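Chemist: One predicted model, sequence on top.
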Amino acid sequence: MNFLQPSTWAEALAMKAAHPEALPIAGGTDVLVEINLDHNRPDTVMDLTRVADLAEWATEDGLVRVGAGVTYTRIIDELGDRMPGLAMASRTVGSPQIRNRGTVGGNLGTASPAGDAHPPLLASDALVELASASGTRRVPVRDFFTGPKRNAARKDELIAAFLIEPATGPQTFSKVGTRNAMVIAVCSFALALDAGRRRVRTGIGSAGPTPLPAPEAEQFIEGELDWDGRQPPSDAAVARFGELAAAAAKPIDDVRGTAAYRRHALSVMARRSLGWAWQDYRVGWA
Amino acid sequence: MKVACTVNGAAREADGVWEGESLLYVLRERFGLYGSKNACEQGECGSCSVFLDGVLVCACLVLGGQANGRTIVTVEGLTDASGLHPVQQAFVEAGAVQCGFCTPGLVVATHDLLQRVRKPTEAQIREALAGNICRCTGYAKIIDAVNLAAGRT
Ligand SMILES: Cc1cc2nc3c(=O)[nH]c(=O)nc-3n(C[C@H](O)[C@H](O)[C@H](O)COP(=O)(O)OP(=O)(O)OC[C@H]3O[C@@H](n4cnc5c(N)ncnc54)[C@H](O)[C@@H]3O)c2cc1C
Ligand code: FES
Ligand code: FES
């Protein structure tokens, strides 16, 4: 096995261009499991933990640009006010040891349909910044997941960062699992209200080949909500929102749950999420 | 490859480390520090918990090469030769140890918690120790031990 250890971002991109087969490693919470259990024996690994740029975040043109190497613990501690949905999801990831080391960049790299960062990134219309020695591009996260554990990055590209608009309304994240900690989601649901633009955005996890948005549910409920008067939506509208969210999922039966259970749980989570978020909007959002 | 780092205050070096080798393997098999336990090698049990540059991590999920030049504190480094660390003493007194395999990881994770939160609530204790699995005790005495240690530090 070859071990590459770039110390700058430019060096990392040059190494990736020269060794497109190199497997990047950040927190290692996915990669080391594969190596330890012998599920994967990469020829070359490239350690990104020396690249200081990747562990930084900054505000840029009204967006927060968060380096791919920022850990869940730091997102919770440093960015919880600006991205409450992602922070809430981060709190459900693994254990303190995993959150201290694991990164959103790694979650995006693995692109598991169950990755907990993905639903809130979808609900925030985040952008993923991909970079190579020949340039940089920003891909809407809705186009980033191309299949189970597959993403839009080319072989010569690395994930540089994700970009998110600071919350413009209440955000929620819910996750169904067998325990309160250390669980892969049976299914999960993220919701973001965009009070200024009067938009509702969603993200579904672990109930399809990729993380998914629920656009029909979004469009339906945007038209139903009383944005000015802030009165609660009717029970019928909330129920319909739940149905449409569940209908957007493409779940399968697997060891963690059945497709039918996942659809049911999603409709419940979507209904409740809307209730929580709307209550926050009514009492707290300027 | 060569791995050189500071472990429990001392400079340590190992040659011939396989590039896919975990920090846990380096600590145990190359440096002879058997306090950090290997139970799952997949981040699930926490028995390999150590501090890497002051941050609580699972040593089984860190590549040896990633630890190059870094500072590591293992359970052996929490106390000097003078006796037990207050967290260790509390685990003994509360009867929070049965087979003892999970204990080093729990001691390190508890140490991390009490550094951040002086008097944690039960919910905070449970959350902080959620990544440390014990197959023997049923956790009640472990929580007693954390409370005992918190009362003394
Ligand atoms: C015990 C345990 C519990 C877990 N619980 C959860 C959970 O609750 N929810 C959840 O979503 N996940 C969970 N995970 C999975 C894992 O922690 C996450 O997917 C995490 O986000 C991975 O981040 P990392 O930095 O450790 O990635 P790594 O393991 O370092 O890398 C993961 C993948 O991303 C690629 N990669 C990393 N950085 C980059 C980059 N900058 N550019 C391009 N590719 C890159 C790597 O090549 C690799 O393919 C758990 C894992 C363990 C071991
Ligand atoms: S051996 Fe590292 S977490 Fe179990
Ligand atoms: S005392 Fe045996 S595993 Fe905890």
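Modeler: Alright, I've got the coordinates. Ligands and ions are numbered 1, 2, ... in the order given.
Chemist: how is chain B carved up into domains?
Modeler: B:3-77, B:86-152 (automatic domain parsing).
Chemist: do chain A as well
Modeler: According to automatic domain parsing, the domains of chain A span A:2-47+A:56-164, A:171-284.
Chemist: Mind putting those domains into CSV with mean neighbour count and distance to ligand 3?
Modeler: Just so you know, the C-beta spots here come from the backbone N, C-alpha and C atoms, and that holds for glycine as well. As requested, these are exported to CSV (neighbours: other CB atoms under 10 Å in any protein chain shown; distance: least, CB to the nearest ligand atom, whole Å):
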stretch, mean neighbour count, distance to ligand 3
domain A:2-47+A:56-164, 20, 16
domain A:171-284, 19, 16
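Chemist: Out of these, which is closest to B:Q115?
Modeler: Evaluated over the domains of chain A, closeness to B:Q115 peaks at domain A:2-47+A:56-164, with 12.0 Å, by CB to CB.
Chemist: The closest one close to ligand 1?
Modeler: Yes: with CB under 6 Å from any ligand atom as the criterion, ligand 1 is reached by domain A:2-47+A:56-164 at A:23-31, A:33, A:68, A:92-94, A:98, A:101-103, A:105-107, A:109-110, A:115-116, A:158-159.
Chemist: how about that domain against chain B, any contact?
Modeler: Yes: looking at domain A:2-47+A:56-164 against chain B by CB under 8 Å from any CB of the partner chain, the contacts come from A:2-3, A:5, A:25, A:27-29, A:32-33, A:35-37, A:41-42, A:45, A:47, A:94-98, A:100-101.
Chemist: Relative to ligand 1, how far out is the residue nearest to B:D144 when sequence neighbours are not counted?
Modeler: Leaving aside its sequence neighbours, B:D144 sits nearest to B:A94 (CB to CB, 6 or more residues apart in numbering or on different chains; 4.3 Å). Separation of B:A94 from ligand 1 (CB to the nearest ligand atom, to the nearest Å): 27 Å.
Chemist: Kindly report the same for A:I184.
Modeler: 6 Å.
Chemist: Leaving out sequence neighbours, find the closest residue to that residue.
Modeler: A:A114 (5.0 Å).
Chemist: Put together a markdown table for the domains of chain A, with mean pLDDT on each row.
Modeler: Formatted as a markdown table, the domains of chain A follow (pLDDT from 0 to 100):
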| stretch | mean pLDDT |
| --- | --- |
| domain A:2-47+A:56-164 | 98 |
| domain A:171-284 | 96 |
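Chemist: Please work out which residue of the stretch 151-286 of chain A is closest to ligand 2.
Modeler: In the stretch 151-286 of chain A, no residue comes nearer to ligand 2 than A:M182, which is 10.5 Å away by CB to the nearest ligand atom.
Chemist: now do chain A
Modeler: For chain A, CB to the nearest ligand atom, closest residue to ligand 2: A:Q97, 7.2 Å.
Chemist: surely A:D30 meets A:G105?
Modeler: No: counting by CB atoms under 8 Å, A:D30 does not reach A:G105; the two are 11.0 Å apart.
Chemist: now stretch A:31-50, how far from the chain's geometric center?
Modeler: 22 Å (CA atoms, centre = their mean, to the nearest Å).
Chemist: Could you tell me the end-to-end distance of it?
Modeler: Stretch A:31-50 stretches 17 Å from its first residue to its last (CA to CA, to the nearest Å).
Chemist: which residues sit against it?
Modeler: Stretch A:31-50 is contacted from outside by A:1-7, A:12, A:15-16, A:19, A:21-27, A:54, A:68-69, A:105-106, A:158, B:19-20, B:22, B:41-43, B:60-63, B:65-66, using CB atoms under 8 Å, 6 or more residues apart in numbering or on different chains.
Chemist: ok, now stretch B:98-111?
Modeler: The list of residues contacting stretch B:98-111 from outside it, by CB under 8 Å, 6+ apart, reads A:96-97, B:35-37, B:39, B:45-51, B:56, B:74-75, B:78, B:85, B:87-88, B:91, B:96-97, B:128-129, B:131-137, B:142, B:145-146, B:149.
Chemist: can you tell me if that stretch touches ligand 1.
Modeler: No: using CB under 6 Å from any ligand atom, stretch B:98-111 stays clear of ligand 1, coming no nearer than 13.0 Å.
Chemist: per-residue confidence averaged over that stretch?
Modeler: The average pLDDT within stretch B:98-111 is 98.
Chemist: Check which helices and strands the top helix by length along chain A is in contact with.
Modeler: Longest helix in chain A by number of residues, with DSSP state H as the criterion: helix A:259-284. Judged by 3 or more CB pairs under 8 Å, 6 or more residues apart in numbering or on different chains; DSSP states H and E, the packing partners of helix A:259-284 are strand A:171-176, strand A:187-194, helix A:235-248.
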